[in-house]
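Colleague: sequence unknown, structure follows:
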DNA sequence: CTTCTGACA
DNA sequence: TGTCAGGA
């Protein structure tokens, strides 16, 4: 399939799909006319990549992870690269920090929403009838 | 009409 | 990432 179809099926902008290729995350073959040709399994891969990027993981790291994700099932102890494990552990810690950061912001926003709703409810009490006219 | 590369008021 | 250009 061409880039437009993959974009729809994976709801990923074509701009991103080309970017992923540029980052070495996917390498579609080319049609005679030069158009990119994607295999159907790339639909899932595109979604995976998008998710990883949305999680704040740098493309460099994603490139290292994808091959592992492909591994059908089971990990071979002999093939484990200590350097990669170390890098992934570091990435895991960054994710944790990011989660804490997001949690704080989500909580402060939630607090604001509650206060705002309280204020609106109070206003509605005294402001009977039409509510909020123009 | 769809895709390609390169570039950025 | 969006988006536009200029071409195939």
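Modeller: Perfect, thanks for sending it. In this text the structure is predicted, and so the values were computed from the model without any measurement. Numbers count the residues shown, from 1 in each chain, chains lettered A, B, ... in the order given.
Colleague: could you use CA atoms for every contact and neighbour count after this?
Modeller: Noted.
Colleague: what does the lowest-mean-pLDDT helix or strand in chain A contact?
Modeller: Using mean pLDDT, DSSP states H and E, the weakest-scoring helix or strand in chain A turns out to be helix A:59-70, at a mean of 88. Residues outside helix A:59-70 that contact it (Cα atoms under 8 Å, 6 or more residues apart in numbering) are A:23-25, A:49, A:52-53, A:84, A:88.
Colleague: quick one: contacts of stretch A:4-12?
Modeller: By Cα under 8 Å, 6+ apart, stretch A:4-12 touches A:13-14, A:17, A:38, A:42-44, A:46-47, A:50.
Colleague: okay, these in a markdown table with neighbour count and pLDDT next?
Modeller: As requested, the contacts of stretch A:4-12 are exported to a markdown table (neighbours: other Cα atoms under 10 Å; pLDDT from 0 to 100):
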| residue | neighbour count | pLDDT |
| --- | --- | --- |
| A:13 | 14 | 97 |
| A:14 | 15 | 98 |
| A:17 | 22 | 98 |
| A:38 | 19 | 98 |
| A:42 | 16 | 96 |
| A:43 | 18 | 97 |
| A:44 | 13 | 96 |
| A:46 | 22 | 97 |
| A:47 | 16 | 97 |
| A:50 | 19 | 96 |
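Colleague: so which of these also contact DNA strand C?
Modeller: Applying Cα under 7 Å from any atom of the strand to the contacts of stretch A:4-12, one finds that A:13-14, A:50 fall near DNA strand C.
Colleague: ok, those residues vs DNA strand C, which is closest?
Modeller: Among these, residue A:13 lies closest to DNA strand C (Cα to the nearest atom of the strand), at 5.1 Å.
Colleague: can you pull the contacts of that closest one?
Modeller: By Cα under 8 Å, 6+ apart, the contact set of residue A:13 is residue A:7.
Colleague: any chance of the backbone angles for it?
Modeller: Main-chain dihedrals, residue A:13, degrees, to the nearest 10: phi -60, psi 140.
Colleague: quick one: the helices in chain A?
Modeller: Ranges of helices in chain A, per DSSP state H, are A:3-9, A:14-22, A:42-54, A:59-70, A:82-126.
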